[in-house]
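J.: Starting from these lines, generate the structure:
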Amino acid sequence: MQIRRARESEASALSALALNSKQYWGYSFQDIERWRPLLAVSSRDIASKPTFVAEVENEVVGFYLLSPKAQAWELDHLWVSPKSARRGIGRALLAHAANSARLAGVSAITIDADPNAEPFYVACGATRQGIIAAPITDNPARFRPQLSLQVSSRAA
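T.: This is a model prediction of the structure:
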């Protein structure tokens, strides 16, 4: 596996990967359609924000996109293709994102996580800071965990 900077021309492919990965969790068609704009990655995003892809045999199998903020950067996207899941790709992408933020002098990455992804982030060292209501068609009590991943060398 290799991690490299994303290309602006890959925006639609990365959007499709994010959508495919979100569908893996069995959400309803209505919910997926409601989230489609949030899962989209634009060429402008790729050009202006740290965006990296993981490749295996020249195929993009995952990516992340960070939004630099004053205090802590936000992890806007971290997706791995379902067919490449559970191979350490997500962990490698998150470690790369943490290193990118650390090198920029940032102390933490904030993560607005899908509930299904929280165990992954916690296993990688993130801690829950809170929750926000995020009802869906079949689960009006659903919430999204709000996490923080410390990346500064002082926190290590």
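
J.: hey, which helix is longest across the protein?
T.: Of all the elements of type helix in the chain, the one with the most residues (DSSP state H) is helix 89-103.

J.: Can you work out which other helices and strands pack against that helix?
T.: Helices and strands touching helix 89-103, as assessed by 3 or more Cβ pairs under 8 Å, 6 or more residues apart in numbering; DSSP states H and E, comprise strand 2-5, strand 51-56, strand 59-67, strand 73-80, strand 108-112, helix 118-123. Where C-beta positions appear, they are placed from N, C-alpha and C, glycine not excepted.

J.: With respect to Ala11, which of the ones you listed lies nearest?
T.: Distance to Ala11, taken as Cβ to Cβ, is lowest for strand 51-56 among those, at 9.3 Å.

J.: Val151: how many residues sit nearby?
T.: Other residues near Val151 come to 24 when the count uses other Cβ atoms under 10 Å.

J.: I'd guessed it sits against Ser107; true?
T.: Yes - between Val151 and Ser107 a contact is recorded at 6.5 Å, counting by Cβ atoms under 8 Å.

J.: from the chain's centre, how far out does stretch 135-144 sit?
T.: Using Cα atoms, centre = their mean, to the nearest Å, we find the averaged C-alpha position of stretch 135-144 to lie 20 Å away from the chain's own average C-alpha position.

J.: Identify all contacting residues around that stretch.
T.: By Cβ atoms under 8 Å, 6 or more residues apart in numbering, the residues outside stretch 135-144 that reach it are 27-28, 30-31, 112-115, 131-134.

J.: Restricted to strands, list those.
T.: Among the contacts of stretch 135-144, the subset assigned to strands under DSSP state E consists of 112, 131-133.

J.: which of those residues has the most neighbours?
T.: Within the ones in strands among the contacts of stretch 135-144, Ile131 tops the neighbour count with 15 neighbours, counted by other Cβ under 10 Å.

J.: Wait, it touches Gln146, no?
T.: Yes - in terms of Cβ under 8 Å, Ile131 counts as a neighbour of Gln146; the distance is 6.3 Å.
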